[in-house]
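Participant: Next input, structure requested:
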Amino acid sequence: MKQYLIETFQYNDYANKLALAKIRDLPEKDECIRFFSHLINSMNKWLARIEQTHDYAALDWWLPVYDIDGLASK
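Facilitator: As a prediction, this is how the structure comes out:
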């Protein structure tokens with residue numbers, strides 16, 4: 001199971017980088033950045049819930065909206 005999870009995360013990282021490269025090429029990228037930020041925020045919120053972080057319920061599903069350069073490091 002550990003190897004499966006590692007491979008899944010590696011694939012997600014690869015796919016996210018491909019998506020970000022395509023988003024960078026779009027003339028109107030604001031909406032794509034907003035939805036990509038939502039994906040990152042959702043993963044962060046669920047991870048905080050799993051880890052039983054004290055204030056996970058206060059995390060927002062939609063905010064913050066990251067800049068395109070900041071998404072690559074999330």
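
Participant: Tell me the helix or strand right after the helix or strand where Asp13 lies.
Facilitator: Element membership for Asp13 (DSSP states H and E) is helix 2-25. Using DSSP H and E, the helix or strand that follows helix 2-25 towards the C-terminus is helix 30-50.

Participant: rewinding a little: packing partners of the helix holding Asp13?
Facilitator: helix 30-50, helix 68-71 (3 or more C-beta pairs under 8 Å, 6 or more residues apart in numbering; DSSP states H and E). All C-beta spots, glycine's among them, are computed from the backbone N, C-alpha and C.

Participant: Would you mind saying which of these lies nearest Leu59?
Facilitator: Evaluated with C-beta to C-beta, the helices and strands packed on helix 2-25 place helix 30-50 nearest to Leu59, the distance being 4.4 Å.

Participant: How about exporting that closest one as CSV, limited to the C-alpha atoms?
Facilitator: Once non-C-alpha atoms are left out, helix 30-50 reads as follows in CSV (Å, rounded to 0.1, in the frame of the first residue of the first chain):
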residue,chain,number,x,y,z
ASP,A,30,-7.9,33.7,-13.7
GLU,A,31,-10.7,31.2,-13.5
CYS,A,32,-8.3,28.2,-13.9
ILE,A,33,-6.1,29.6,-11.2
ARG,A,34,-9.1,30.0,-8.9
PHE,A,35,-10.1,26.4,-9.5
PHE,A,36,-6.6,25.1,-9.1
SER,A,37,-6.2,27.0,-5.9
HIS,A,38,-9.5,25.4,-4.7
LEU,A,39,-8.0,22.0,-5.3
ILE,A,40,-4.9,22.8,-3.3
ASN,A,41,-7.0,24.4,-0.5
SER,A,42,-9.3,21.3,-0.5
MET,A,43,-6.4,18.9,-0.1
ASN,A,44,-4.9,21.0,2.7
LYS,A,45,-8.3,21.1,4.5
TRP,A,46,-8.8,17.4,4.2
LEU,A,47,-5.2,16.7,5.3
ALA,A,48,-5.7,18.9,8.3
ARG,A,49,-8.9,17.1,9.2
ILE,A,50,-7.2,13.7,8.9
